[in-house]
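1. sequence unknown, structure follows:
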C-alpha cells in the first residue's frame, strides 16, 4: 500500500500517477454510532480504491462541513471556503510532485462546495484530471438496503457499514426515525431541531453482512468508474499546453 | 476521562469535556529512512496519552494530518496546506468547539524541537497567529498552543547527543519512531548538519539546503532514547496545558482582562 507509512523515496520509486484523497467528517450520528462514522467509512473505501488503482493514498481529512449538526456534543466543522482551500492546496501539492490524476472521495453528503472547487481546479489546471466522487460511494449499492430510499443519516446504510468496519463501536440500542421534512431542511436548521434523535432512517434494519457487501461492491464499482472517467478524459485531451497559474 | 471520535455524541455530552485537544501535524518528506506520515503518527500517540493524563474531562479531536510543509513541496509524498488554509481550519474548529461551550482548547502544533523558548512554534507557524486572533475575537475563549518536544526540551538535551542540532529527520524523531513503530524505520540513516542556520529554510526549499532530506544525526537514534523522549514529551505537554490554563483562567474572567495589549512579543 502506497500511503503515509511509506518514505518519500519509496513513493518516488513507485512513481504513482494517481492519488486518492478521502474526505471524512466529525458529526453526531444519533445515539448508536460514533462521531467519526464518516471518517471510518471513507477511509475504508479510499484504501480499497487506492489499492485497486495502485494510487498514492493520502491521509483521510478528518473534518468537513458538518455545521448542519451544530448544537450536538462533539460535532466540529469547517466552513465551505476552508474545505475548498484544503482541496486546492492538496491538488497543488500533488501537481508539484508530478501527480496529475486525483480522485476526491467525499464521505459526507453536506460537502457541496466540492463540486464547484473540482470544476474550478480542472479549468485552471488543464494538465490535470480531478475526479470527484460526489455522493457517498456506498449509496450506489442502495439496492442492498431495505430502507435505503428513506435513509439520510445514521440509518440502515451507515449502521451496516460501521457494523462491517468497527462493530465494537456500534451500540445495540438504536432509535429508528424517518423525517417528514425534505432534505433541504439540512440547509435551514440544525438537524437536531427537526430530528431530535439525530437519525433519519432505520438503523434497526442494519447488518454487518449488508455493510460488507456494500463496501466490496461500492469500492469495486467506484474504482471501475474512475478508470473509465480517466480513459474518457484522456481521449478528450486536446493537447493544450499546461496552464501554469494556480487556482 | 477522555472522549474521542470513537464516542457517540451522547457520551461526549455526558462527559461534559472541559478541555479540547487539537493536534495539527504534517505529511512531508522525512529523509530516506522515515515515512512521510511520521509526525502525524507520533503526534497521534502523544496527544492520546496527554488526553489520558489530563486531570479533567477532555475531548481529543482527530489529528489534522496536513500542515504548512511548503518548504518540502515537490518531494514525493509531501502534501502541504497554505498558511491561510491552516489558519482557517484552526479557526473553524475552535469556533465549533466554542459553540458547544468548550472554551479551553489546546492546539498541539506539530512536534517542535529542543531549541528552547516558546515565542514561535518550530513548524506550522501560522497556528500562533491563528490562536492569538481567536483569543482576541472571543473573550470567553482560552486557546493555547504547545509543541510536545519543545515543552520537554531540557529533558531532550539530556537524553540525546544532538537534540540541539536537529531540524529535520534527526536523532530525536528517528528515536521516537523506533520506539513507536520500528517496522516503519529504514536503515539508510545518513547524518547531515549544514553550517548555515535554520533561517536559510525561509529562503530556499529544504531539498536545496539538505539534498539527503536530513538536518540532524539519525545514525545516533535508538528505541530506548525514543521511549524516554516520548514519556517526557507527554508529561511536559500535560503539565504545560494544566499550568497554562490555571494561569489564564483568572485573566479571562476579570472584566477588561480580554482587552488587546499592544506591542507584546
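-> Everything's here; your move. Just so it is clear, the structure is predicted and the values come from calculations on it, not from any experiment.
2. quick one: low-confidence parts of the stretch 151-265 of chain B?
-> B:253-265 (pLDDT under 70).
3. what about the residue in it positioned nearest to chain A, distance to residue A:4?
-> In the stretch 151-265 of chain B, the residue that lies nearest chain A is residue B:184 (5.6 Å; CB to the nearest CB). Quick note: C-beta positions are derived from backbone N, CA and C, even for glycine. Note on residue B:184: its distance to residue A:4, by CB to CB, to the nearest Å, is 10 Å.
4. Comparing these two, which residue is more hemmed in?
-> Taking other CB atoms under 10 Å in any protein chain shown, residue B:184 and residue A:4 do not tie; residue A:4 has more neighbours (24 against 18).
5. what's the pLDDT at that one?
-> In this model, residue A:4 is scored at 98, pLDDT.
6. Which stretches in the chain count as strands?
-> This is for chain A. For chain A, the strands defined by DSSP state E cover A:18-23, A:56-57, A:101-106, A:129-133.
7. Hmm, no, I was thinking of chain B.
-> All strands of chain B, identified by DSSP E, fall at B:2-3, B:19-24, B:58-60, B:104-109, B:142-146.
8. overlap in contacts of residue B:184 and residue A:4?
-> Common neighbours of residue B:184 and residue A:4 (criterion: CB atoms under 8 Å, 6 or more residues apart in numbering or on different chains): B:35, B:41.
9. thought the residue of the stretch 151-265 of chain B closest to chain A was touching residue B:34?
-> Yes: judged on CB atoms under 8 Å, residue B:184 makes contact with residue B:34 at a distance of 7.5 Å.
10. Identify the contacts common to these two.
-> In contact with both residue B:184 and residue B:34: residue B:177, using CB under 8 Å, 6+ apart.
11. Where in chain A is the helix or strand with the lowest mean pLDDT?
-> helix A:185-188 (a mean of 88; mean pLDDT, DSSP states H and E).
12. Identify each buried residue in that one, please.
-> Going by neighbour count (16 or more other CB atoms under 10 Å in any protein chain shown), the buried part of helix A:185-188 is A:185-186.
13. Residues contacting it, please?
-> By CB under 8 Å, 6+ apart, helix A:185-188 touches A:68, A:110, A:179, A:191, A:194.
14. Where neighbours are concerned, which of the residues you listed has the most?
-> Neighbour max across those (other CB under 10 Å) = residue A:191, 28 neighbours.
15. Contacts only, for that residue.
-> The contact partners of residue A:191, by CB under 8 Å, 6+ apart, come to A:28, A:68-69, A:153, A:185, A:198, A:200.
16. could you redo those residues as CSV and give each row distance to residue B:10?
-> CSV is the format used below for the contacts of residue A:191 (distance: CB to CB, whole Å):
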residue, distance to residue B:10
A:28, 9
A:68, 18
A:69, 13
A:153, 15
A:185, 22
A:198, 9
A:200, 17
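17. Helices - which of those land there?
-> Mapping the contacts of residue A:191 onto helices (DSSP state H) picks out residue A:185.
18. Would you point out the most distant pair within the contacts of residue A:191?
-> A:28 and A:185 (15.7 Å; CB to CB).
19. where do the helices sit along chain B?
-> B:9-15, B:38-53, B:83-99, B:126-137, B:148-151, B:153-159, B:171-180, B:206-209, B:223-253.
20. Which one of the ones you listed lies nearest to residue A:89?
-> helix B:83-99 (5.2 Å).
21. Now do the closest one: everything it contacts.
-> Contact with helix B:83-99 is made by A:63, A:67, A:70-71, A:75-79, A:81-82, A:85-86, A:88-89, B:20, B:22, B:24, B:59, B:61, B:64, B:67-68, B:81, B:103, B:105, B:107, B:124-127, B:129-131, B:133-134, B:138, B:140-141, B:143, as judged by CB under 8 Å, 6+ apart.
22. Would you mark the buried spots in that helix?
-> B:83, B:85-98.
23. what's near enough to touch residue 176?
-> You didn't pick a chain, so chain A it is. A:155, A:199, A:201-205.
24. should've been chain B
-> Taking CB under 8 Å, 6+ apart, one finds B:42, B:226, B:229-230, B:233 in contact with residue B:176.
25. I'd like to know how many residues surround the residue lying closest to residue A:213 once chain neighbours are set aside.
-> In space, and not counting its chain neighbours, residue A:213 is closest to residue A:144: 5.8 Å by CB to CB, 6 or more residues apart in numbering or on different chains. Counted by other CB under 10 Å, the residues lying close to residue A:144 total 19.
26. How about the contacts made by residue A:144?
-> Going by CB under 8 Å, 6+ apart, residue A:144 touches A:210, A:213-214, A:217.
27. Show me the shaky parts of chain A.
-> Applying pLDDT under 70 to chain A flags residues A:135, A:137, A:139, A:237-247.
28. Check it for its longest helix and report it.
-> helix A:208-236.
29. What residues sit buried inside it?
-> Buried residues in helix A:208-236 (16+ other CB under 10 Å): A:208, A:210-211, A:213-215, A:217-219, A:222-223, A:226, A:229-230.
30. which among the contacts of residue B:176 gets closest to residue A:44?
-> residue B:42 (23.9 Å).
31. How much space separates the closest one from residue B:239?
-> Between residue B:42 and residue B:239 the computed distance is 19 Å (CB to CB).
32. Among those two, which residue is more densely surrounded?
-> With neighbours defined as other CB under 10 Å, residue B:42 and residue B:239 compare such that residue B:42 has more, 27 against 15.
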